[in-house]
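Asks: sequence first, predicted model second:
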Amino acid sequence: MIFYQTSCATGYECASFADLNDSRLFRDLGPEPRAAADWKPLELTVENTDERGRPLRAASVLTPDRTALAFAPNVQDALAEILLPWGEFLPATLDGNPMLLFHGTAYVDAFDPERSNTAQPRKILPKTEVVFRSVAEEYDILTVSTHPNYGLFYSERIVDKVQGTGLFAGVKFVEVAHTL
């Protein structure tokens with residue numbers, strides 16, 4: 001099975017956490033769901049012009065970094081059935097408007113260090129191959145418990161589902177890992 005990570009699609013607006021420390025805070029939430037009373041909404045910013053000042057297309061779903069998806073509450077119902085089995089929605093804001101962040105809560109010891117090649121030689125371009133143990137195939141969205149800073153990984157099953165919603169045009173799915 002193939003696993004993907006996200007980045008901003010070319011030509012679409014990109015989001016980020018307004019405070020860079022919030023990226024680390026969100027990444028370090030861990031597998032436990034958050035109680036609404038314990039959560040302070042994080043602020044997002046959006047880049048809506050390219051480097052030449054040309055407007056970028058609006059995106060329904062944004063990817064502020066590898067650990068999160070962000071979207072407006074009006075698309076929550078369309079995404080709930082697909083995403084909520086693998087995490088939770090937490091409040092955020094963008095320019096004072098309410099947003100939601102998807103926080104993945106499935107942490108899995110899936111990294112196979114014996115079959116992966118993640119070494120980075122100094123003089124040649126690195127050939128990175130990330131291999132997951134077969135247990136990863138039981139999950140559609142996961143965080144590798146031994147390497148949470150790697151962010152969320154999406155199975156090919158869920159990529160097909162979310163792309164079928166028509167809401168993910170602004171998200172690029174990049175193949176980064178597989179099982180044998």
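Replies: Thanks, I have the structure now. Numbers count the residues shown, from 1 in each chain.
Asks: and the strands in the chain?
Replies: Assigned by DSSP state E, the strands in the chain fall at 2-8, 14-17, 42-47, 61-65, 68-71, 87-94, 97-104, 107-108, 130-132, 141-144, 152-155, 171-179.
Asks: redo the ones you listed as TSV? Include mean pLDDT.
Replies: Listed next are those as TSV, based on pLDDT from 0 to 100:
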stretch	mean pLDDT
strand 2-8	96
strand 14-17	96
strand 42-47	97
strand 61-65	95
strand 68-71	97
strand 87-94	96
strand 97-104	97
strand 107-108	96
strand 130-132	93
strand 141-144	96
strand 152-155	97
strand 171-179	95
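Asks: which one of those lies nearest to residue 55?
Replies: Nearest to residue 55, of all these, is strand 42-47, at 10.8 Å by CB to CB. Heads up, the C-betas are built off the backbone N, CA and C, glycines and all.
Asks: could I get the buried residue list for the closest one?
Replies: 42, 44, 46 (16 or more other CB atoms under 10 Å).
Asks: distance of the second one relative to residue 51?
Replies: Counting by CB to CB, to the nearest Å, the gap from residue 44 to residue 51 is 20 Å.
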